[in-house]
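Engineer: any chance you can model this:
(2 chains)
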Amino acid sequence: MSDAKTAITPTRSENYAEWYQQVVRAADLAETSPVRGCMVIKPWGYSIWENVQRGLDGMFKATGHKNAYFPLFIPLSFLEKEAEHVEGFAKECAVVTHHRLEAGPGGKLVPAGELEEPLVVRPTSETIIGATFAKWIQSHRDLPLLINQWANVVRWEMRTRLFLRTAEFLWQEGHTAHATAEEAKAETMRMLDVYADFAENWLAMPVIRGEKTAGERFPGAVETWCIEGMMQDRKALQAGTSHFLGQNFAKAQEIQFQDDQGNREFCWTTSWGVSTRLIGGTIMTHADDDGMVCPPMVAPAHVVVQPVLHKPESAAEVREFCDRLVADLRKKHYGGRAVEVEYDTRDIRGGDKTWQWVKRGAPVRVEVGPRDVASGSVFVGRRDKGVKEKESIPVGAFVEGIERMLAEIQQGLFTRAKAFRTEHTRVIDSKDDFYDFFKSPGKGGEEDGAATPIHGGFAMAHFNGDPALEERIKQDLAVTVRCIPLDGQGLCDDEGSPGTCPFTGERSAKRVVWAKSY
RNA sequence: CGGGGUGUAGCUCAGCUUGGUAGAGCGCUUGCUUCGGGAGCAAGAGGCCGCAGGUUCAAUUCCUGUCACCCCGACCA
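Structural biologist: Sure thing, here's the model as predicted:
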């Protein structure tokens, strides 16, 4: 507070968008690549993704899903089968048209061997998986079919940002087929809950579960459900989606089965996915002006041990003490895995070392010097507290208490994020209040090129459901309905109750969540 | 894809208006001194100035094109 120096320049309040980029870089999470719109995910960042995969994969398996893998390439004709689906993705597809390179003029390589049918690099796999499902499913006894795939997909985005929107990204996509609409809808909601559970308990990111309006629906879906988190610039981030596809894809691809009466029926299908965007969301939820803050559940390392070794006369005993500390810590468990320890013996200055781990967001840092060895204690810094706020703890108590300390940090991050969301969520009942809420504070107009002004948040307001009205508000304020929330999420007092739409005076079924979004 | 901006050392940038093949800070390497805290001094390494054309005796500098990135829109996980 008194110390104005921060590890990240600019700070969140100075320029949020630039701050985000700097955190990604300073924390060694990812960097841009020579390939347009594609990122290199660095070990520290990839390790977070591996933890995300581990956590979600366990949940998918626990709910009866099996992993499989489908081709990267999708024949163009497959994509054409579902009309809305094509329309939704046509503008952002990478297409493979040749299968060979030949020497051309000037030593250049030129594509040759044109394909009879172009192949689309999957932007999502409904069509190729649907075609496969059609072969796998014959009887009602084959249902439900519950499949997940971990994969990369490509969407040729015009504007990209590391983790949040890249041309290629990593994700999982679940695809299921069911005998009845009820079962498929139940699956859609089950996976939405899995996502919310994961976001809140692993990423410590509070999310709102709800349904998308027609305008925001997945191309080809009957219903799209989502989890929405609030970032520190108060914009919403769609962190995961679960789609009820009805029989749209089943009919387009003839995914049929014979029921117990011998009738041929179309399946009811679902699909659901989360991506490396979750890492972007985690950054924007927790990181601060000193860099990344990793929730312990997904942190690449829980504890960093930094021995103070520069004094030759004490180096050996400090090292020995640390060796034992590291070994003891690794015998402890947190969140279903052994405590992950980074033993940093690099010969660089202690201050540099500390700040590197602060910027990377390691939850706990432990410094051990001769004085600590003499007193049998360790000097502990926590990423959820100030960098200088360190505490000396007897080594035994520290090791014994590590699980609780990590749990406390995890819980603290969630509590803080939720308080932030609550603070910036407002119940709004008049059009004027609504417009005021989303207008830049102080300055009236839009200044371009400057720092993104931080204002607004989530507005809980009634809505008559008219797409034209939603479009007009989007034009006016760049604000959209993020979701029509499920009841019972504690978003406001009269949650789920009918009321009056402040824009039209018409009847509204319930308050919806309005916000600017990524 | 529309509007604006920027491409010079690993990073952040100066130099270009008034053409003569390059600078700073940080980082990196080495040495000495420091050090329970993002050190000080010194010596080094590192760049065909985004790419391709053009004008010119000569282009980082002027002109044209192109590509990439950033910001604001539209689009999207």
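
Engineer: what about stretch A:178-191, distance to the chain center?
Structural biologist: Its chain's average C-alpha position is 24 Å from that of stretch A:178-191, according to Cα atoms, centre = their mean, to the nearest Å.

Engineer: quick one: contacts of that stretch?
Structural biologist: A:63, A:140, A:143-144, A:146, A:174, A:176-177, A:223, A:225, A:242-246, A:257, A:259, A:265, A:267-270, A:272 (Cβ atoms under 8 Å, 6 or more residues apart in numbering). Where you see a C-beta, it was placed from the backbone N, CA and C, and this is true even at glycine.

Engineer: list the contacts for the residue in the stretch 251-400 of chain A that RNA strand B sits nearest to?
Structural biologist: Residue of the stretch 251-400 of chain A nearest RNA strand B, by Cβ to the nearest atom of the strand: A:G369 (2.2 Å). By Cβ under 8 Å, 6+ apart, the contact set of A:G369 is A:P307, A:V308, A:S314, A:V318, A:F379.

Engineer: in which helix or strand does A:V120 reside?
Structural biologist: strand A:109-121 (DSSP states H and E).

Engineer: buried residues in that strand, which are they?
Structural biologist: A:P118, A:L119, A:V120, A:V121 (16 or more other Cβ atoms under 10 Å).

Engineer: output the contacting helices and strands for the lengthiest helix in chain A.
Structural biologist: Using DSSP state H, we find that the single longest helix of chain A is helix A:395-423. Under the contact definition 3 or more Cβ pairs under 8 Å, 6 or more residues apart in numbering; DSSP states H and E, helix A:395-423 sits against strand A:223-230, helix A:277-286, helix A:312-330, strand A:333-334, strand A:364-368, strand A:377-382.

Engineer: for A:G445, give me the pLDDT.
Structural biologist: Per-residue pLDDT puts A:G445 at 36.

Engineer: quick check: mean pLDDT across the strand holding A:V120?
Structural biologist: On average, strand A:109-121 scores 86.

Engineer: same question, stretch A:336-349
Structural biologist: On average, stretch A:336-349 scores 94.

Engineer: I figured A:D429 hits A:A461, correct?
Structural biologist: Yes: with contacts counted by Cβ atoms under 8 Å, A:D429 reaches A:A461, the gap being 7.1 Å.

Engineer: show me what the lowest-mean-pLDDT helix or strand in chain A is packed against.
Structural biologist: The least trusted helix or strand in chain A, going by mean pLDDT, DSSP states H and E, turns out to be helix A:83-89, with a mean of 82. Contact here means 3+ Cβ pairs under 8 Å, 6+ apart; on that basis helix A:83-89 packs against helix A:76-79, helix A:248-253.

Engineer: in chain A, which segments are predicted with low confidence?
Structural biologist: Across chain A, the ranges flagged by pLDDT under 70 are A:1-4, A:105-107, A:440-453.

Engineer: make TSV out of the helices and strands packed on helix A:83-89 and add mean neighbour count.
Structural biologist: Formatted as TSV, the helices and strands packed on helix A:83-89 follow (neighbours: other Cβ atoms under 10 Å):
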stretch	mean neighbour count
helix A:76-79	18
helix A:248-253	22
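
Engineer: would CSV of those helices with distance to RNA strand B be doable?
Structural biologist: Listed next are the helices and strands packed on helix A:83-89 as CSV, based on distance: least, Cβ to the nearest atom of the strand, whole Å:
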stretch, distance to RNA strand B
helix A:76-79, 15
helix A:248-253, 15
